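> Quick one, fold the following:
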Amino acid sequence: MTLANKKILLGITGGIAAYKTPDLVRKLTAQGAEVRVVLTQSAAEFVSPLSLQAVSGNPVHQHLLDPDAEAAMGHIELAKWADILLIAPATANCMAKLANGLADDLLSTLFLATTAKVFVAPAMNQQMWKAAATQRNLSTLHWMGVTLLGPDSGEQACGDIGAGRMLDPLDIVGQLTTSSAAGQFAGKHIVITAGPTREALDPVRYISNHSSGKMGFAIAEAARAAGASVTLIAGPVTLPTPAGCTRVDVLSAKDMHEACMAAVGDADIFIATAAVADYRAQDVQSQKIKKSNDELTLTFVKNPDILASVSALSSGPFTVGFAAESTNVADYARDKLKRKNLDMIAANDITASGLGFNSDNNALHVFWAQGDKQLSAKPKKDLATELLGIVLERYQYKNNNA
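Numbers count the residues shown, from 1 in each chain. Have a look, this model is predicted:
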């Protein structure tokens, strides 16, 4: 996947991270993109128009009411020219303008005037990022179809530590490349599992877990948007079916195992995000278990291993596992990758605050035999797109080296 021949309009706002943008422009053009830059007044305090013009090969646009450009309705033509509008860094003030439809400079006017896909890479102090107003504006931008790139976490220019750093230019380019992959999965059948399973104890009670299914459903939506034929095998969740996906609803681990083995026969890729119960009750009671003694002893037996069953197929699909762990995340993930003969595994720390089960956000550490990559915390919708980029890369690598 490349950005060859993509027309990218890069909007730069007034954050300290603006000093990284000449490098970002170089990396975008190295991928084959044509880049034009829009610089806000405050951004010009951090990076010079001349340096951006030198690396992009195009004049830098700074003023909404430029007499020369406006003679030909310059800002409208610029809005129509772009395939992608990328705003990096995007300050809290910029995000507030976009979310509320303000158009008092060239960049905010272009945002309203363009039909291009919009990507925003936030950069601000960690407390500004956490502020209720910023999070409300973020929700509005998501509703408007804007794709968030980051932010990253770590030490900030002010000395604070937390979320709010702009993503590294290489990561921004990687995510743009992945998001531009519409059609990259055309002709591919991807089977995805999502949600929890329920293991009955009696007609009333069951054992389950906290999985919401949001990660799997986000991956299914992103895969379909990238052109794949998607079969989504879902445990008991209330999420709506992503448009264009074939959904198979199941309850127990045995049900999910049967559905998976029936679906993967012609699958190219299998992604197992579901939190499947490892054990089930040996004997499911036909009547409700009554409270009697102070202790109740139940016997459990192992459920069939869905991942191991799929990866053991002689001509099975490219298989991606998930590992939700509370300790030694990397060690357990690498062990599971090797033990179950997987092509890839995505691990997450379920103890991380605000991430994982039942959350709209997550962070992943992805492993494969030749390496690994960490995907920073972000909305699951954006994380799904980033993860699929790695899946496609490794899938193509495996096929080319078979």
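> Please count neighbours and contacts with C-alpha atoms only from this point.
Will do.
> I'd say D83 and A116 touch.
Yes - assessed by CA atoms under 8 Å, D83 is found in contact with A116 at 4.9 Å.
> Point out where the stretch 1-150 of the chain drops to low pLDDT.
1-2, 65-75 (pLDDT under 70).
> For the longest helix anywhere in the chain, name the packing helices and strands.
In the chain, taking DSSP state H as the definition, the longest helix is helix 380-400. For helix 380-400, the elements it packs on are helix 169-179, helix 214-225, strand 361-368, strand 371-379, judged by 3 or more CA pairs under 8 Å, 6 or more residues apart in numbering; DSSP states H and E.
> which of the ones you listed sits most buried?
helix 214-225 (a mean of 25; mean count of other CA atoms under 10 Å).
> how much does the helix or strand just after that one deviate in direction from helix 214-225?
Going down the chain from helix 214-225, the next helix or strand is strand 229-234, by DSSP states H and E. If you take axes from the mean of the first three to the mean of the last three CA atoms, to 10 degrees, strand 229-234 sits at 170 degrees to helix 214-225.
> what pairs with strand 229-234, and is each one parallel or antiparallel?
Sheet pairing of strand 229-234 (DSSP bridges) gives strand 189-194 (parallel), strand 246-249 (parallel).
> if we can go back for a sec, with distance to Q31 and mean pLDDT added, can I get the helices and strands packed on helix 380-400 in a markdown table?
A markdown table is the format used below for the helices and strands packed on helix 380-400 (distance: least, CA to CA, whole Å; pLDDT from 0 to 100):
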| stretch | distance to Q31 | mean pLDDT |
| --- | --- | --- |
| helix 169-179 | 8 | 80 |
| helix 214-225 | 22 | 91 |
| strand 361-368 | 24 | 91 |
| strand 371-379 | 20 | 87 |
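> Nearest to I192, out of those?
Nearest of those to I192, taken as CA to CA: helix 214-225 at 6.7 Å.
> Could you name the helices and strands sitting against that closest one?
Looks like helix 214-225 contacts strand 189-194, strand 229-234, helix 380-400 (3+ CA pairs under 8 Å, 6+ apart).
> which parts of the first one are buried?
Spelled out, that is strand 189-194. Residues 189-194 are the ones in strand 189-194 that count as buried (16 or more other CA atoms under 10 Å).
> Which elements pack onto the helix or strand following it?
Next helix or strand after strand 189-194 toward the C-terminus (DSSP H and E): strand 199-200. Judged by 3+ CA pairs under 8 Å, 6+ apart, the packing partners of strand 199-200 are strand 206-207, strand 279-281.
> Check the spacing between S56 and T29 real quick.
The gap separating S56 from T29 is 7 Å, by CA to CA, to the nearest Å.
> overlap in contacts of the two?
Common contacts of S56 and T29 (CA atoms under 8 Å, 6 or more residues apart in numbering): V35.
> quick revisit: same list, the helices and strands packed on helix 380-400, but as TSV with distance to S48 please.
Formatted as TSV, the helices and strands packed on helix 380-400 follow (distance: least, CA to CA, whole Å):
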stretch	distance to S48
helix 169-179	18
helix 214-225	37
strand 361-368	35
strand 371-379	30
